[in-house]
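Asks: Make a model of this:
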Amino acid sequence: MLKACNIEITEQERTSIEVACFGLNELEIQGLELITYVNTDRYCAKELLLFPLQTCPEHLHPPIGTDPGKMETFRCRSGKVFLYVEGEATKSIQGIIPVGSEPYYTVFNEIELNPGEQYTIHPGIKHWFQAGADGAVVSEFSSTSRDEFDIFTDTRIERMPTVTED
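Replies: Next up, the predicted model:
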């Protein structure tokens with residue numbers, strides 16, 4: 001077993017870590033690293049790994065066919081994460097909106113998650129999140145994940161970027 005961010009993962013999990021840079025070429029500012037443990041037609045379990053102050057951009061999980069969209073529970077395992085969801089805006093948020101992306105962040109109801117705390121995001125709710133100064137590890141428990149259908153507020157984002165060879 002290998003240790004990563006105070007969690008134990010297998011060698012196979014380590015080699016299958018997904019690096020989501022969203023096509024923005026600023027991974028340490030706007031991006032996310034994920035380990036998917038299971039993703040079936042009924043449920044999903046992932047580990048979300050965030051660098052210090054790294055932000056997962058604002059998005060929502062839309063309905064797909066008869067499925068109402070992904071419902072997910074975030075449970076902070078280590079560090080601190082600031083989660084922003086639709087609702088009454090927090091007067092002074094602790095998160096830092098990435099420079100140059102300000103127009104794409106529109107929800108500011110802040111939920112601070114510390115180790116052992118969790119929050120459930122219902123389908124179709126816009127949200128974004130950012131790690132605290134020490135980074136964060138967040139467990140995600142959800143209905144089926146269909147990341148390719150996520151809708152991002154920032155139209156520059158490619159959730160599934162294409163790789164081209166020269």
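
Asks: Point out where the chain drops to low pLDDT.
Replies: 1-6, 160-166 (pLDDT under 70).

Asks: Excluding sequence neighbours, find me the nearest residue to the residue nearest the centre of it.
Replies: Of all residues in the chain, the one closest to the mean position by CA atoms, centre = their mean is residue 56, 4.8 Å from it. Nearest non-adjacent residue to residue 56, counting by CB to CB, 6 or more residues apart in numbering: residue 32, 4.7 Å away. C-beta: built from backbone N, CA, C; applies to glycine.

Asks: Help me confirm that residue 116 comes into contact with residue 80.
Replies: No: in this structure, residue 116 is not within contact of residue 80 by CB atoms under 8 Å, at 11.5 Å.

Asks: Between the two, which is the more surrounded one?
Replies: Neighbours were counted for residue 116 and for residue 80 using other CB atoms under 10 Å; residue 80 has more, 19 against 9.

Asks: elements contacting the one helix or strand the more buried one maps to?
Replies: Per DSSP states H and E: residue 80 is located in strand 72-85. Secondary-structure packing of strand 72-85 (3 or more CB pairs under 8 Å, 6 or more residues apart in numbering; DSSP states H and E): strand 44-50, strand 109-113, strand 118-121, strand 127-142.

Asks: Following element in sequence after the longest one, please.
Replies: Going down the chain from strand 127-142, the next helix or strand is strand 151-152, by DSSP H and E.

Asks: Just checking the distance from that next one to the centre of its chain.
Replies: Shown here is strand 151-152, whose average C-alpha point lies 12 Å from the average C-alpha point of the whole chain (CA atoms, centre = their mean, to the nearest Å).

Asks: Partner strands of it and their direction?
Replies: Its sheet considered, strand 151-152 pairs with strand 55-60 (antiparallel) by DSSP bridges.
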